[in-house]
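[1] Build me a structure from this.
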Amino acid sequence: MERIYLFDWGNTLMVDFPDQPGKMCGWEEIAIVPGAEELLRKLSQNSSIYIATGAADSTEHDIEQAFRRAGLHTYISGYFCYANTGIRKGTKDFLLHILRQLSAAPENVTVIGDSFENDILPAAGLGIQAFWLTKTANRTLPDNVFAVGTLDRICR
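    Coordinates of the predicted model:
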């Protein structure tokens with residue numbers, strides 16, 4: 001079975017500028033997190049990549065437009081958000097919904113995100129491998145969770 005990667009969006013692949021109003025697809029300036037394009041390029045050669053975001057005010061189309069502006073859309077197979085799942089991110093139900101939609105088993109999925117509570121804990125609770133993008137891993141991590149300071153540490 002092909003490996004599936006579920007990436008968080010803001011501050012994992014694209015920079016979330018808190019002072020920018022509205023949806024990211026309409027921001028004057030957008031930025032890619034360092035190492036994001038290289039990692040997506042490498043992973044997409046043998047795996048499927050999806051975005052699993054908690055962005056409550058953006059639709060699937062809005063999110064895809066932001067990725068298109070950043071030139072990252074070619075690596076992404078699909079987008080999961082509140083607008084198309086009806087489930088808030090940060091819960092096991094959000095991930096279970098995605099697993100059902102993709103007909104994927106937890107052992108074939110990897111979650112990558114910057115929020116321990118919203119990205120990592122729900123994944124770890126389902127037995128999904130997770131990479132926590134953090135500068136300070138100041139807690140004991142489950143066996144299936146790895147703390148990385150930068151995206152380029154994921155494929156080493």
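[2] Quick check: which ranges of this protein have low pLDDT?
    1, 156 (pLDDT under 70).
[3] From residue 65, how far off is the residue in it sticking out farthest from the centre?
    In terms of distance from the mean C-alpha position of the chain, residue 28 ranks first, at 22.7 Å (Cα atoms, centre = their mean). Distance from residue 28 to residue 65, counting by Cβ to Cβ, to the nearest Å: 14 Å. (Glycine included, C-beta is placed from N, CA and C.)
[4] Ok, residue 86 next?
    Distance from residue 86 to residue 65, by Cβ to Cβ: 21 Å.
[5] Okay, strands next: where are they in the protein?
    Counting by DSSP state E, the chain has strands at residues 3-7, 47-52, 78-80, 109-113, 129-133, 145-148.
[6] Looking at these, which is nearest to residue 122?
    Nearest of the strands of the chain to residue 122, taken as Cβ to Cβ: strand 109-113 at 8.1 Å.
[7] and the closest one, what does it pack onto?
    The contact analysis (3 or more Cβ pairs under 8 Å, 6 or more residues apart in numbering; DSSP states H and E) places strand 109-113 against strand 3-7, strand 129-133.
[8] if you set the cut-off to 10 Å instead, what comes out?
    strand 3-7, helix 36-44, strand 47-52, helix 92-102, helix 121-125, strand 129-133, strand 145-148 (3 or more Cβ pairs under 10 Å, 6 or more residues apart in numbering; DSSP states H and E).
[9] Buried ones in the shortest one, by neighbour count?
    Judged by neighbour count using 16 or more other Cβ atoms under 10 Å, the buried positions of strand 145-148 are 145, 146, 147.
[10] can you redo the strands of the chain as JSON lines with distance to residue 38?
    Listed next are the strands of the chain as JSON lines, based on distance: least, Cβ to Cβ, whole Å:
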{"stretch": "strand 3-7", "distance to residue 38": "14"}
{"stretch": "strand 47-52", "distance to residue 38": "13"}
{"stretch": "strand 78-80", "distance to residue 38": "21"}
{"stretch": "strand 109-113", "distance to residue 38": "14"}
{"stretch": "strand 129-133", "distance to residue 38": "15"}
{"stretch": "strand 145-148", "distance to residue 38": "14"}
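[11] Go through those and pick out the most buried.
    With neighbours defined as mean count of other Cβ atoms under 10 Å, the strands of the chain peak in mean count at strand 109-113, which reaches a mean of 25.
[12] Alright, that wraps it up for me.
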